[in-house]
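Chemist: Coordinates only, no sequence provided:
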């Protein structure tokens, strides 16, 4: 019954938003209340889960979202993203920008914090989309989504990748060796398949794109800065991108320091994502002051505050739904539904791992939680599976990628930052993660058969 109530709650959220055009905030709260009461959490427990879920998400990503959006707004006003798009156009050409974006996100910047990645990459994606025709926003949005999560689950030091390897006692070196191949290949193949899907009429810009006033104002300001570039001395591209590169370097350094056991309190401090993005924010504000003056910098800062306020509310309510699902004890129910027969064939073992992770992700709405929970479920069964543990771990990674949708707070961040409607987010984020999960599964099975 609990699984059924969860399905009903998620389906109700989707129907309220898409069919009845109810605002996501209201729809998510309605779904959370229904699931809490129907799932046995009770009246006080439901209220507590909703409020604590909101607060927990804000404590985890509130500053990250705020700082990241402000960095994007300030860099817009300096013309940084316009310059980056020109570089991408020059290197890849208009038709190949999505491949370059997906490949970079899956390899060069494996996503320790996916929330950081999307707030920093979204402005670049939106600028690039303008050069790619009517389906441009859909294509670059899909490329961004699959690039981020392919790195997150397959490539060390992606959080899910490290978690799976640690929980299943898999050598990080072995995981990285295979994941570094599967991650970018999955991202590139997904973009190719998704592009063909768009050519078959998958996208309807009138219904699937939904730009907020704050985004429009921010981009109008960026276009104005672009037009004035010949009269305003804008900083070089390398300097303009330091507010993005420096925080990512700080976060990555902290992660590797912990990984190789040479971390200390100072390294943990500078490697903290909140501190790193604050450093980036200060750098972006200084660049904006130098480029457009105090008035222009303050105006861009105000635009960023307006945009981040909208995103924070929807993201927090998305966290409330996840907290209610957790409070129902659904993960424990699912864990008890699975077991493995001794000597199960390689393919069956990998499919079992994939299915558990995929089902958990569909129900819980968090890639990392699904991966971690699935690894915890499957790890005790490894002794009964006649298959290389690294293949089982990669199977969990592949399954945890499956169908990111409305019960994920990332879904709502993605929607707001890319300027998509709920249906547009389902047609991009949910679609590419489904394709990526299905495309990576045969590669994982191949590794299991030969490793």
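Modeler: That came through fine. A quick note: this is a predicted structure, and the numbers were derived from the prediction, not measured. Numbers count the residues shown, from 1 in each chain.

Chemist: Against residue 429, how distant is the closest residue to residue 13 other than its chain neighbours?
Modeler: Residue nearest to residue 13 in three dimensions, not counting chain neighbours: residue 31, with 4.0 Å by CB to CB, 6 or more residues apart in numbering. Glycine gets a C-beta too; all of them are placed from N, C-alpha and C. According to CB to CB, to the nearest Å, residue 31 and residue 429 sit 18 Å apart.

Chemist: tell me the SS of the residue nearest to residue 13?
Modeler: Secondary structure state of residue 31, per DSSP: H, G, I helix; E, B strand; the rest coil, is helix.

Chemist: That one - how many residues pack around it?
Modeler: Counted with other CB atoms under 10 Å, residues neighbouring residue 31 total 28.

Chemist: If you count contacts, what does the helix or strand hosting residue 247 end up packed against?
Modeler: According to DSSP states H and E, residue 247 maps onto helix 242-259. On a contact count with 3 or more CB pairs under 8 Å, 6 or more residues apart in numbering; DSSP states H and E, helix 242-259 meets helix 63-78, helix 114-129, helix 265-271, helix 273-327.

Chemist: before we move on, back to that, my read: the residue nearest to residue 13 touches residue 9, true?
Modeler: Yes - assessed by CB atoms under 8 Å, residue 31 is found in contact with residue 9 at 4.5 Å.

Chemist: Common neighbours of the two, please.
Modeler: Residues within reach of residue 31 and of residue 9 at once, by CB atoms under 8 Å, 6 or more residues apart in numbering, are residue 321.

Chemist: Run through the stretch 51-200 of the chain and note the low-pLDDT ranges.
Modeler: Filtered on pLDDT under 70, the stretch 51-200 of the chain yields the residue ranges 81-82, 85, 108-113, 116, 157.

Chemist: Now do the helices in it.
Modeler: Using DSSP state H, counting those that start in this stretch, the helices found in the stretch 51-200 of the chain span residues 63-78, 80-92, 97-103, 114-129, 136-154, 159-167, 172-199.

Chemist: Give the buried residues for the helix or strand that contains residue 352.
Modeler: Per DSSP H and E: residue 352 is located in helix 346-364. Within helix 346-364, the residues that count as buried by 16 or more other CB atoms under 10 Å are 346, 349-354, 356-364.

Chemist: Quick check: which of these has the minimum pLDDT.
Modeler: Ranked by pLDDT, those bottom out at residue 364 (79).

Chemist: so what's that one up against?
Modeler: 322, 325, 326, 330, 331, 370, 373, 407.

Chemist: Give the closest residue to the third one in space, chain neighbours not counted.
Modeler: By that I understand residue 326. Using CB to CB, 6+ apart, the closest residue to residue 326 is residue 364 (7.1 Å).

Chemist: How about residue 401?
Modeler: Excluding the flanking residues, the one nearest residue 401 by CB to CB, 6+ apart is residue 437, at 4.2 Å.

Chemist: Repeat that for residue 264.
Modeler: Nearest non-adjacent residue to residue 264, counting by CB to CB, 6+ apart: residue 257, 8.0 Å away.

Chemist: from what I can see the one you found touches residue 266, true?
Modeler: No - counting by CB under 8 Å, residue 266 is not a contact partner of residue 257; they are 10.0 Å apart.

Chemist: So these two - more neighbours on which side?
Modeler: Counted by other CB under 10 Å, residue 257 and residue 266 do not tie: residue 257 has more neighbours, with 17 against 9.

Chemist: would you turn the helices and strands packed on helix 242-259 into JSON lines with distance to residue 140?
Modeler: Formatted as JSON lines, those follow (distance: least, CB to CB, whole Å):
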{"stretch": "helix 63-78", "distance to residue 140": "15"}
{"stretch": "helix 114-129", "distance to residue 140": "4"}
{"stretch": "helix 265-271", "distance to residue 140": "30"}
{"stretch": "helix 273-327", "distance to residue 140": "19"}
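
Chemist: Could you verify that residue 436 is part of a strand?
Modeler: No - counting by three-state DSSP, residue 436 is not part of a strand but helix.

Chemist: ok, now which ones touch it?
Modeler: Taking CB under 8 Å, 6+ apart as the test, what residue 436 contacts is 146, 149, 150, 186, 187, 190, 401.

Chemist: Going by distance to residue 26, which of these wins?
Modeler: Of all the contacts of residue 436, residue 149 has the smallest distance to residue 26: 28.0 Å, by CB to CB.

Chemist: How about the contacts made by the closest one?
Modeler: Residues near residue 149 by CB under 8 Å, 6+ apart: 111, 114, 367, 401, 404, 433, 436.

Chemist: Identify, from those, the entry nearest to residue 314.
Modeler: residue 404 (15.3 Å).

Chemist: neighbours of the closest one, just the number please.
Modeler: Neighbours of residue 404 under the rule other CB under 10 Å: 30.

Chemist: Kindly report the same for residue 295.
Modeler: When neighbours are counted by other CB under 10 Å, residue 295 comes out with 9.

Chemist: and the gap between it and residue 308?
Modeler: From residue 295 to residue 308 the distance is 21 Å (CB to CB).

Chemist: re earlier: now for the residue nearest to residue 264: which residues touch it?
Modeler: Contacts of residue 257 (CB under 8 Å, 6+ apart): 263, 264, 267, 268, 271.

Chemist: For it, give its distance to residue 396.
Modeler: Going from residue 257 to residue 396 by CB to CB gives 26 Å.

Chemist: tell me the contacts of the nearest residue to residue 385 once chain neighbours are set aside?
Modeler: Computed as CB to CB, 6+ apart, the closest residue to residue 385 that is not its neighbour in sequence is residue 349, at 4.2 Å. Listed by CB under 8 Å, 6+ apart, the contact set of residue 349 reads 340, 385, 386, 387, 392, 395, 448.

Chemist: wait, which of the residues you listed is closest to residue 105?
Modeler: So of those, ranked by how close each gets to residue 105 (CB to CB), first place is residue 395, at 22.4 Å.

Chemist: is it true that the closest one lies in a helix?
Modeler: Yes - counting by three-state DSSP, residue 395 is found in a helix.

Chemist: And it, how far from residue 445?
Modeler: 8 Å.

Chemist: shared neighbours of the two, anything?
Modeler: 350, 351.

Chemist: So for those two, which sits in the more crowded spot?
Modeler: Neighbour comparison, residue 395 and residue 445: the larger count goes to residue 395, with 30 against 21 (by other CB under 10 Å).

Chemist: if we can go back for a sec, drop anything exposed from the contacts of residue 257.
Modeler: Buried by 16+ other CB under 10 Å: 263, 267, 271, out of these.
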